[in-house]
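Peer 1: I need the structure of the sequence given here:
(chains A and B)
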Amino acid sequence: MKKFMNQPDTMLTESLQGFAAAHADLVTLHLDPNYLVRAKQAQNKVAVISGGGSGHEPLHSGLLGYGMLDAVCPGFVFTSPSPDQMLAAAEAVECGKGVLFIVKNYAGDVMNFEMAAEMLSCESATVLTSDDVAVENSTYTTGRRGVAGTVIVEKVVGSLAETGADLATCKALGDRVNRRTASMGVALTSCTVPAAGKPTFQLGEQELEMGVGIHGEPGRRREAMRPADEIVADLVKAILHDLAPASGSEILLLVNGFAGTPLMELYLLYNSAARLLQSHGLIISRSLVGNYTTALDMAGASITVCLLDDEIKQHWDSPVHTAALRWGM
Amino acid sequence: MAFGVILLHPDLSPAWRLIITDRHHQPSGYASTSLRSIQYVKTDFILAAIDAVNSAILSHEADIEGLDRDIGDGDHYINIKRGCAAAAAMRPELENLTPDAALQKIGMKVLSSIGGASGPLVASFFLEMAKAIKLKEPISLADHAALFATGVAGIQHRGKAQVGEKTMMDVLIPVSTLLTQLASTHSELDADAIHAIKAEAEKGMLATRDMLATKGRAAGLGERAIGHIDPGAKSCQVMIHAVCDMLLGQAH
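Peer 2: Below you'll find the model as predicted:
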C-alpha cells in the first residue's frame, strides 16, 4: 500500500482539517464529535443533514453549503458515523423547522441515524437512498444500497429546503427522487482501506467486477475485461430494467467515477451511455460527469439515471454553492 | 453484552475485585457459594462485569479476529475491543451513579466508541435496560430475567434479526429464554444454573457454523458463509462466559 498519510489513526482528522481550511468560506469543522456545518448558517428552513463513512469524498462534505446540505457527519473510513455526531450536528443547525436526514441504505448507517432520530428533541424525518440496482441484498445491507444517486437526492432536496418548504414536503420529494433514480457500478481494481493496508478484494489484470458497491462489496459477477460499450450496455440494461421509463422521458445522466479512473475515461463512458439511452428514446436533458461518490482509490465507475419531472428539474437547476457542485451563483 | 447476567448476583464483596485484578487468585469456596437474596441491581456489579468482559475479549483476540476475516470485514474485534476499553475506562465517573444512570452512560459511550453496526446493537442492550430499571426496580429472579430479556429485545428491535440468521441473536435469544425458564423454577441462580447458561451460550454460538447468513455483513456471501462461526455470536458467547465465570468465582 502506498498512500499519502502520516499515520492511519490521524488520517481522517488531518483530511477533514485540510478540507475545512481549503473551504473556510463554505464550511466549519467541529472535532470530537466530528461534524461540519456551513460557514454561514441558514435560518428558517428544514435542516438537511447527511453523513456516512469516509472514503467517498466529495460525498458528503463536498456537498455542504447553500442549496444542499446544512451539516455533514463523517464516520471513519467506510464506517457509519455515530449518533453523538448527528445529535451535535442537529443541535448546531436546527432552526425550528425540523431535521431531515439523508442516509444511504446500509445497516450501520440506518441504525445509527435511527437512534439519533429517536434521541433528538426536535422533529425529524429520514430519506433512505437505495438507488443501486446491482444486487437486491448486498453484503452491507438489507435491501438495495445507496450509492451515487444520493448526490441527486441531496441536490434536489437541498434546493427545496432552501425555499422554506416543510419537513414532510422535503421528505416526500427526497423519496420520490430516490424512487426515480437507479445506478449500477463496475470496478476495474479493488480499493485499499488505509487501516487494513491491503486491497479489499483481488481482481486479475483482465477481470472486472460487475455491480460492485462503493466499499468494494462483491457485485453480480466477475467477468473478463471487455470493450467499454459492452460494459456500458450491461449497466444501462440493468438500470432501464429497473426504472422502465416511457419513451420520450427526460432524464439526468450521471457518470460517476470511483476516484481511480481518469476523467478521460469517464467522458468516454458518458458518450457510450448517452448514445445508448438516446437509442431507447430517452431525452438526456441534464448531465453530470466526475468523481462524486468515490470508493477510496478504486478504479471504476457507475452510471446513474434519474427520471426527471418539472419539479425535480427545477431543483436540480437552482443555484448551489458547495465545494464539489457550484452553479447559478 | 452479558451484563444482565451479573445483575442477578446480590452483593459485591472485595473478592470480586480480587478476581478482576488477579485471575490466579480464586477466592476459596466461592464457586460453591449459593447466589441468592437478590435485592437490587448494583453499579459495582456492572463495573466488575465490564472489567471481566474487557479481560475476556482481550484474551480471545485471535479467535474472534480470525472468524471475522473469514466472513466479515475484519474489524469486529477491533471495534468491540475499543468499546470494552472505553466502557472500562469510565469506572471513575460511573462508581457513584445509580445503576440506571450507569447503564445509560455505558450505552452512550459504546454507541459512540464502537461505531458501525455493532455500536447501536450493543448500545441498545444497555439503554433499554437503563430505561427498564428506571421504571421498575428488579427484585426477584424473574424480574432480573425480564430485565435481561428487555435488553435483548432492544438489540432485536434495532437489528431486526431472528434466531437462525447467523448473528449474535443466536446466542442472546436462547440464553434469555433459558434465564426466563430458570426464573420460573428457581428463586435464585445456583452454580448448576449458571453452568447451564454457559452451555446454552456455547451451543448457540456453535450453531451459527452451519447457518446461512441473512443479516449482517456475511449475508452477501451466501453459501460461502456456511462452515464459519459468526464472529458476533462468538464475541457474545465470550462475554456471557466471562460474566458467568465471574459469578462462579472461577478464573479462566
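Peer 1: what helix or strand is the residue lying closest to A:A259 once chain neighbours are set aside on?
Peer 2: Distances taken as CB to CB, 6 or more residues apart in numbering or on different chains place A:T294 nearest to A:A259, at 3.7 Å, with adjacent residues excluded. Where you see a C-beta, it was placed from the backbone N, CA and C, and this is true even at glycine. Assigned by DSSP states H and E, A:T294 falls within no helix or strand.
Peer 1: how much space between A:T294 and chain B?
Peer 2: 18 Å (CB to the nearest CB, to the nearest Å).
Peer 1: give the full set of residues in contact with that residue.
Peer 2: Going by CB atoms under 8 Å, 6 or more residues apart in numbering or on different chains, A:T294 touches A:G55, A:H56, A:E57, A:P58, A:L59, A:I214, A:G257, A:F258, A:A259.
Peer 1: wait, the last one sits on A:M298?
Peer 2: In this case it means A:A259. Yes - if you go by CB atoms under 8 Å, A:A259 and A:M298 touch, sitting 6.4 Å apart.
Peer 1: and these two? Which one has more around it.
Peer 2: A:M298 (28 against 20; other CB atoms under 10 Å in any protein chain shown).
Peer 1: shouldn't the more buried one be within a strand?
Peer 2: No - with DSSP: H, G, I helix; E, B strand; the rest coil as the criterion, A:M298 is assigned coil and is not in a strand.
Peer 1: where does it land on pLDDT?
Peer 2: Note for A:M298: predicted pLDDT of 97.
Peer 1: for the one 4 residues further on, same thing?
Peer 2: The model reports A:S302 with a pLDDT of 98.
Peer 1: run through the bridge partners of it.
Peer 2: Beta bridges link A:S302 to A:G185, A:N256, judged by DSSP bridges.
Peer 1: so it makes contact with A:V186?
Peer 2: Yes - A:S302 is in contact with A:V186 according to CB under 8 Å; the separation is 7.4 Å.
Peer 1: just give the nearest non-adjacent residue to B:H76, would you?
Peer 2: Of all residues not flanking B:H76 in the chain, B:D68 sits nearest, at 4.1 Å (CB to CB, 6+ apart).
Peer 1: which SSE is that neighbour in?
Peer 2: helix B:61-71.
Peer 1: in that helix, what's buried?
Peer 2: B:I64, B:E65, B:L67, B:D68, B:D70, B:I71 (16 or more other CB atoms under 10 Å in any protein chain shown).
Peer 1: adding pLDDT, write those residues out as a markdown table.
Peer 2: Shown next, in a markdown table, are those (pLDDT from 0 to 100):
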| residue | pLDDT |
| --- | --- |
| B:I64 | 86 |
| B:E65 | 81 |
| B:L67 | 83 |
| B:D68 | 76 |
| B:D70 | 73 |
| B:I71 | 72 |
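Peer 1: for those residues, which one is nearest chain A?
Peer 2: Nearest to chain A among the buried residues of helix B:61-71: B:I71, at 10.2 Å, using CB to the nearest CB.
Peer 1: I'd guessed the closest one sits against B:A213; true?
Peer 2: Yes - counting by CB under 8 Å, B:I71 touches B:A213, with 7.2 Å between them.
Peer 1: circling back to that earlier point, joint contacts of A:S302 and A:V186?
Peer 2: Joint contacts of A:S302 and A:V186 (CB under 8 Å, 6+ apart) are A:L235.
Peer 1: so what's A:R144 closest to, chain neighbours aside?
Peer 2: Nearest residue to A:R144, sequence neighbours excluded (CB to CB, 6+ apart): A:S130, at 3.9 Å.
Peer 1: what about the residue lying closest to B:L141 once chain neighbours are set aside, which SS state?
Peer 2: Leaving aside its chain neighbours, B:L141 sits nearest to B:A183 (4.4 Å; criterion: CB to CB, 6+ apart). Here B:A183 is helix, with the state taken from three-state DSSP.
Peer 1: quick check: end-to-end length of stretch A:12-31?
Peer 2: This stretch, stretch A:12-31, spans 11 Å end to end (CA to CA, to the nearest Å).
Peer 1: just the buried positions in it, please.
Peer 2: Buried residues in stretch A:12-31 (16+ other CB under 10 Å): A:L12, A:S15, A:L16, A:F19, A:A20, A:H23, A:L26, A:V27, A:T28, A:L29, A:H30.
Peer 1: next, format those residues as TSV and append pLDDT and secondary structure.
Peer 2: Formatted as TSV, the buried residues of stretch A:12-31 follow (pLDDT from 0 to 100; DSSP: H, G, I helix; E, B strand; the rest coil):
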residue	pLDDT	secondary structure
A:L12	95	helix
A:S15	98	helix
A:L16	98	helix
A:F19	98	helix
A:A20	98	helix
A:H23	98	coil
A:L26	98	coil
A:V27	98	strand
A:T28	98	strand
A:L29	98	strand
A:H30	98	strand
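Peer 1: show me which of the residues you listed is closest to chain B.
Peer 2: Nearest to chain B among the buried residues of stretch A:12-31: A:L12, at 12.0 Å, using CB to the nearest CB.
Peer 1: mind listing what the closest one touches?
Peer 2: By CB under 8 Å, 6+ apart, A:L12 lies in contact with A:N34, A:S54, A:P74, A:F76, A:V77.
Peer 1: do the host helix or strand of B:A130 and chain A meet?
Peer 2: Element membership of B:A130 [criterion: DSSP H and E] is helix B:118-135. Yes - residues of helix B:118-135 are located near chain A by CB under 8 Å from any CB of the partner chain, namely B:G119, B:P120, B:L121, B:A123, B:S124.
Peer 1: quick check: buried residues in that helix?
Peer 2: Within helix B:118-135, judged by 16+ other CB under 10 Å, the buried ones are B:118-133.
Peer 1: please apply the same query to stretch A:196-216.
Peer 2: Buried residues in stretch A:196-216, counted by 16+ other CB under 10 Å: A:196, A:199-200, A:203, A:208-216.
Peer 1: again with stretch A:99-118
Peer 2: Neighbour count says stretch A:99-118 has A:99-117 buried, by 16+ other CB under 10 Å.
Peer 1: measure that stretch end to end?
Peer 2: One end of stretch A:99-118 sits 12 Å from the other (CA to CA).
Peer 1: and that stretch, anywhere near chain B?
Peer 2: Yes - legend: contact between stretch A:99-118 and chain B by CB under 8 Å from any CB is shown at A:A107, A:G108, A:M111, A:N112, A:E114, A:M115.
Peer 1: quick one: low-confidence parts of the stretch 101-250 of chain B?
Peer 2: The model of the stretch 101-250 of chain B has pLDDT under 70 over residues B:216-217, B:219-222, B:250.
Peer 1: swap in the stretch 51-200 of chain A?
Peer 2: For the stretch 51-200 of chain A, residues meeting the criterion pLDDT under 70 lie at A:136-142.
Peer 1: picking up where we left off before, so the residue nearest to B:L141 makes contact with B:H144?
Peer 2: Yes - the pair B:A183 / B:H144 is scored as a contact, 7.3 Å apart, by CB under 8 Å.
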